[in-house]
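1. Show me how the following folds:
(2 chains)
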Number of protein chains: 2
Amino acid sequence: MSGDALRVPGAALRRFIAGVLAAAGVPEEDAGIVAGLMAEADLIGADGHGVFRLPQYVRRIRAGGINLRPRIRIVAERPASALVDGDNGLGHLAVRVAAQTAIAKARSQGVAWCGVRNGNHAGPASLYARMALAHDMIGLYLAVGSANHLPPWGGLELLLSTNPIAVAVPAGEEPPVVLDMATTVAAYGKVKTRAQRGEPMPEGWMVDREGRPLTDPRRAAEGLLLPIGGYKGYGLALVFGLLAGTLNGAAMGREVVDFNADDTTPTNTGQAILAIDIAAFGEVAAFKRRVDALVRDIRGSARLPGVERIWLPGEQSHLRREERAARGVPIPPPLRAELDRLADALGAPRLGGISGADAAPQIR
Amino acid sequence: MSGDALRVPGAALRRFIAGVLAAAGVPEEDAGIVAGLMAEADLIGADGHGVFRLPQYVRRIRAGGINLRPRIRIVAERPASALVDGDNGLGHLAVRVAAQTAIAKARSQGVAWCGVRNGNHAGPASLYARMALAHDMIGLYLAVGSANHLPPWGGLELLLSTNPIAVAVPAGEEPPVVLDMATTVAAYGKVKTRAQRGEPMPEGWMVDREGRPLTDPRRAAEGLLLPIGGYKGYGLALVFGLLAGTLNGAAMGREVVDFNADDTTPTNTGQAILAIDIAAFGEVAAFKRRVDALVRDIRGSARLPGVERIWLPGEQSHLRREERAARGVPIPPPLRAELDRLADALGAPRLGGISGADAAPQIR
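-> Purely as a prediction, here's the structure:
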């Protein structure tokens, strides 16, 4: 993060987002819920999925592309499953309901799976998988991405998205193990960041339409993202899309709406969440001890030359969250300026904040 | 497949395997079940996981490493979950019970997840995910591999296995979509095959202990497999292992026994299977039509220069199964000789078969 970035306490960031959403017409309670999840995305370091998305969400709201009074409801249900219809409301709302439903059902059934249709972009995948942790459950989340950037293996047409998976597993004394990954080598947001900074991409992120390596991020629109492990990542993107999209009657393949380019067509975004109650398989404390032991074995194991530290999935997010909870979320100046313009246009309060140097004492 | 390979009808292969297992002391019913699953592995083209494994299984049985009279039972249960204890019996038996239990529970609960502990090597992942298909369900299977070949990202110690995932999704007129993949770029069996053939490996499969590309498969023992997508594949191998191993109280990390090198220590292998009843989310016929349409969109989409055909996951296995069901399973001469010696040593009938040229008419 830039040293010049404004540092904003998480609570202030949440209030700002809620104020902007409310000024855009989102009912107060929903605005508070979405703002809390977006601010949490910034706290865990998912910078491309938190307040950074607010201008786009507001643009979509103002274009009429979001239902501000959604009737979010379960349209199909069994004891261990549910299908949640998001009624084209803000994406976070429906996935939160799905996660809460899965957790409640898993408590009695052992395991539960809830799908979402008629949803929208809902932020980082780990946000929802993590919801299971406080209940001593394992969370697994899949989503259909909100724009197609990936062709089938050997193909040229962008029929697939970077369909992500997140898995969150509670530990005892150690931070939870939280994997959150796109099925492409690079998420599309990383390509955009390189373009903004004027930096080339490494070979292996994208190819051009002849299959040659593409390293100039300004040419990304003519390129194809590469899946992890070649045909394997293609396969993962496809089956995750079948589970999070097709199974729910949500968009998949050609049906996926590019929400960056189109502010009005309902996206019918699909997501899925699985909750597993650890107590259904044995003693929770014993499980957590085994996870701690595994984490420590991995962290303390021998390293390749030049490697400083072996990280567990989610460990860097965990440390970032601790640092940002103490010092605030860094907001780079260009984003700050954009957020000021957004607030001004809506007549909402601007983002308060404190400079990096002064942050820690003022937050206490 | 070699043109000189003996072609053996699937039913004859199954009878041969059952006869060898029974001669090694496996009760007749169990021998028939395991033989059916092993022959099915050969029919779908998982050549490294079918009859190829029989000598190793028998070696383990004769060394006392397998419980021939396992009491396979559910040791923890909720309406949508179960933990199956395989009692150190042949691996196929416990995973089959877990899959059948998951399918039966999903029928009423919508979704169900069953784990296995005290299991053993159970053949190809897709075998069990596929069991859901006939019930109009989606199957998802995870396993802890039976030997550690993968270090954590940045590490040198082989703390992880190639922990595979399989997902099987039914279609209507199209073959089902069936993904079956290890979380490493190459499964270890592929390395062994290269060594047998004296062929080098491509860069990207393995590195040596300095992190340099290793392409000589005869040096595989000093090398490290590489995960797909770098830290992403490491993360997948880890969380799949937590779900299939740690959650079930099965081996994970340092606890994993190398079943190639050790014939007697109980492996405590862990597996997990999820069944999703499509009818719990909507009309099954409509789902299958959507899968068909997606499959056709992908197969018919524009291709990169030089690409002959875009494949769906599982499509090549599907075609191979049709071909082998008609013409028999090819058994290369060295494997045939090994199987003859095995049968002779146990006093079991040898593998019957017919040559490739004569196969089709005789099978009818």
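
2. make it CA atoms for all contacts and neighbour counts henceforth
-> Will do.

3. State the distance from the residue nearest the centre of chain A to chain B.
-> Note on chain A: the residue nearest the mean C-alpha position is A:P124, at 0.7 Å, using C-alpha atoms, centre = their mean. Separation of A:P124 from chain B (C-alpha to the nearest C-alpha, to the nearest Å): 16 Å.

4. Test my guess that that residue contacts A:D47.
-> No: in this structure, A:P124 is not within contact of A:D47 by C-alpha atoms under 8 Å, at 9.3 Å.

5. tell me, what's touching these two both at once?
-> Listed as contacting both A:P124 and A:D47 by C-alpha atoms under 8 Å, 6 or more residues apart in numbering or on different chains are A:A41.

6. residues in contact with A:G211?
-> B:L304, B:P305.

7. Excluding covalently adjacent residues, which one is nearest to the residue of chain A positioned farthest from its centre?
-> Distance to the chain centre peaks in chain A at A:P305, reaching 33.2 Å (criterion: C-alpha atoms, centre = their mean). Once flanking residues are discounted, A:P305 sits nearest to B:E210: 6.2 Å by C-alpha to C-alpha, 6 or more residues apart in numbering or on different chains.

8. my guess is that neighbour is in a helix, correct?
-> No: if the criterion is DSSP: H, G, I helix; E, B strand; the rest coil, then B:E210 is coil and not within a helix.

9. so how far is B:P151 from it?
-> For B:E210, the distance to B:P151 equals 13 Å [C-alpha to C-alpha, to the nearest Å].

10. Please list all residues in contact with the closest residue to A:V111 other than its chain neighbours.
-> Using C-alpha to C-alpha, 6+ apart and skipping residues adjacent in sequence, the residue nearest A:V111 is A:I276, 4.5 Å away. Neighbour list for A:I276: A:I103, A:A106, A:G110, A:V111, A:A112, A:M137, A:I138, A:G139 [criterion: C-alpha under 8 Å, 6+ apart].

11. Double-check that A:I276 belongs to a helix.
-> No: under three-state DSSP, A:I276 falls outside any helix and is assigned strand.

12. one step back: B:E210 and B:P151: who's more crowded?
-> B:P151 (25 against 13; other C-alpha atoms under 10 Å in any protein chain shown).

13. For the residue nearest to A:V111, name its beta-bridge partners.
-> A:V111, A:I138 (DSSP bridges).

14. Roughly how far does it sit from A:G10?
-> From A:I276 to A:G10 the distance is 30 Å (C-alpha to C-alpha).

15. Now do the nearest residue to A:A132 once chain neighbours are set aside: how many residues are near it, please.
-> Nearest residue to A:A132, sequence neighbours excluded (C-alpha to C-alpha, 6+ apart): A:G139, at 5.1 Å. Neighbourhood size, A:G139 [other C-alpha under 10 Å]: 29.

16. buried stuff in stretch A:277-286?
-> Within stretch A:277-286, the residues scored as buried using 16 or more other C-alpha atoms under 10 Å in any protein chain shown are A:D277, A:I278, A:A279, A:A280, A:F281, A:G282, A:V284.

17. Tabulate these in a markdown table, adding columns for distance to A:A129, secondary structure and pLDDT.
-> Below are the buried residues of stretch A:277-286 laid out as a markdown table (distance: C-alpha to C-alpha, whole Å; DSSP: H, G, I helix; E, B strand; the rest coil; pLDDT from 0 to 100):
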| residue | distance to A:A129 | secondary structure | pLDDT |
| --- | --- | --- | --- |
| A:D277 | 13 | strand | 98 |
| A:I278 | 14 | helix | 98 |
| A:A279 | 18 | helix | 98 |
| A:A280 | 18 | helix | 98 |
| A:F281 | 19 | coil | 98 |
| A:G282 | 21 | coil | 98 |
| A:V284 | 18 | helix | 98 |
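
18. quick one, what contacts the residue in the stretch 251-364 of chain A that chain B sits nearest to?
-> For the stretch 251-364 of chain A, the residue closest to chain B is A:R303, as judged by C-alpha to the nearest C-alpha, at 4.1 Å. Contacts for A:R303 (C-alpha under 8 Å, 6+ apart) come out as A:R309, A:I310, B:G154, B:G155, B:L156, B:E157.
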